[in-house]
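**Q** what shape does this take:
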Amino acid sequence: MRSPYPLVAIVGPTASGKTALGIRVAEKFGGEVIACDSTQVYRGFDIGTAKVRAEERRGSPHHLVDLCDPEAVFTAGEYRRRAVAVLEDLRRREKLPVFTVGTGLYLRALVEGLSEAPTRSEELRERLRRRAKERGSEYLHRVLARLDAAAAERIAPRDEPKIIRAIEVCLLTGRPMTELHRAGRPHLEGFSTVKIGLMPPRAELYARIEQRVEAMFASGWLEEVRGLVARGIAAKAKPFEFIGYGELRAHVEGKSSLKEAVRATKQATRRYAKRQITWFRKESGVRWLHGFGDDPATATDAEAYLIEQLDARPPTRAPQAEGV
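**A** Predicted structure coming up:
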């Protein structure tokens, strides 16, 4: 019997302190941090996606950040492929992988695998895009809710590309995308996942979100967006669908005031946190901590749990994985 190599996954809503806790765990247990966030893979979109600056990493290497250009299409499948390569490297060097997870789908794709989804139908997609243009993405979201309620619950009403893909899968396969994702997925082998969840009180989390958005603006978020627009990054590029970036682009283009953009960004971030909480609560095997990751008491509790689960260190000899 070969013991699986451990990996740590820290999950929780935005602004709950996942990054701070991830860096501390990496320092304490000889690990390296792996971002698990669909927004941080795009180059140039830094402040609004809460990328960790080099001086804040405290010497802990960070992986899977700035992987592609803004115009690129990046999927959960591509994330899994790259994450597996990083895991193999860390295991070879006997380093503990520490995932900071903002995108639950990416973690699920990595650990539980992905099903074989149908190829794209550009004809169907174009029809759906026209319908969205005529009646709004919220209309398509209501259509998705009838076809696949579980998918509609986790996809934001304004996230038109994901809505279109989910409807496309339903119509082409005759099955809900959620059901398809559960069937026949190749699980990650050779690794054992230890999950820690951060779930601070809701009122305190929302207050932290307000503070963080204000801090992002103070750090030059608006100037960053002006620079991206000046570089000619198209409005239809995926990162401009991220919270805050679309709102700030609208302001830069004279379509809204800065006050309106700030208010809309805060509201959208609170809603996103709520969706993340709903997703992560369904995640199995999570040790929940009811505080922020940068709180010393919460960090101490996390460390005690990891000492219990990991025997304070990764295996001294890296086993070979099967099927990865």
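**Q** every contact and neighbour count from this point should use C-alpha atoms.
**A** Will do.
**Q** need the residues that contact the longest helix along the chain.
**A** Across the chain, the longest stretch assigned as helix under DSSP state H is helix 258-281. If you take CA atoms under 8 Å, 6 or more residues apart in numbering as the criterion, helix 258-281 is touched by 11-14, 102-104, 153-154, 199, 206, 209-210, 213, 243-244, 247-248, 250-251.
**Q** over to G293. Which of the three states is it?
**A** Under DSSP: H, G, I helix; E, B strand; the rest coil, G293 falls in the coil class.
**Q** now the residue lying closest to it once chain neighbours are set aside. Its backbone dihedrals?
**A** Spatial nearest neighbour of G293, chain neighbours left out: G17 (4.1 Å); criterion: CA to CA, 6 or more residues apart in numbering. As for G17, its main-chain torsions (degrees, to the nearest 10) stand at phi 90, psi 30.
**Q** next up, the contacts around G17.
**A** L198, F292, G293, D294.
**Q** next one: the longest helix of the chain to chain centre, how far?
**A** Helix 258-281 has its C-alpha centroid displaced from the chain centroid by 14 Å (CA atoms, centre = their mean, to the nearest Å).
**Q** in this protein, which residue is most central in space?
**A** Nearest to the geometric centre of the chain sits T103, at 2.2 Å (CA atoms, centre = their mean).
**Q** so Y139 sits against R129, correct?
**A** No: in this structure Y139 lies outside contact range of R129 using CA atoms under 8 Å: 11.3 Å.
**Q** and the closest residue to P239 other than its chain neighbours, how many neighbours?
**A** Leaving aside its chain neighbours, P239 sits nearest to P70 (6.3 Å; criterion: CA to CA, 6+ apart). As a burial measure, P70 scores 21 neighbours (other CA atoms under 10 Å).
**Q** about what we covered before: next step: the contacts of helix 258-281 restricted to helices.
**A** If you go by DSSP H, those have G104, E153, R154, Y206, I209, E210, V213, E247, L248, A250, H251 in helices.
**Q** the strands in the protein, which residues?
**A** Taking DSSP state E, the strands of the chain run over residues 5-11, 31-36, 62-63, 96-101, 191-198, 286-289.
**Q** quick one: strands adjacent to the last one?
**A** I take that to be strand 286-289. Its sheet considered, strand 286-289 pairs with strand 191-198 (parallel) by DSSP bridges.
**Q** quick check: mean pLDDT of stretch 34-48?
**A** Throughout stretch 34-48, pLDDT has a mean value of 97.
**Q** could you do stretch 105-124 as well?
**A** 82.
**Q** what residues of that stretch count as buried?
**A** By neighbour count with 16 or more other CA atoms under 10 Å, stretch 105-124 contains the buried residues L105, Y106, L107, R108, A109, L110, V111, E112, G113, L114, S115.
**Q** go on, stretch 24-42?
**A** The neighbour-count check on stretch 24-42 (16+ other CA under 10 Å) flags 24-27, 29-42 as buried.
**Q** what's the answer for stretch 64-73, then?
**A** L64, V65, D66, D69, P70.
**Q** quick one: contacts for the residue nearest to R58 when sequence neighbours are not counted?
**A** Spatial nearest neighbour of R58, excluding adjacent residues (CA to CA, 6+ apart): I23 at 7.6 Å. Counting by CA under 8 Å, 6+ apart, I23 makes contact with E32, V33, R57, R58, S60.
**Q** quick one: the second one from P97, how far?
**A** Here the distance between V33 and P97 works out to 6 Å (CA to CA, to the nearest Å).
**Q** overlap in contacts, those two.
**A** Common neighbours of V33 and P97 (criterion: CA under 8 Å, 6+ apart): A26.
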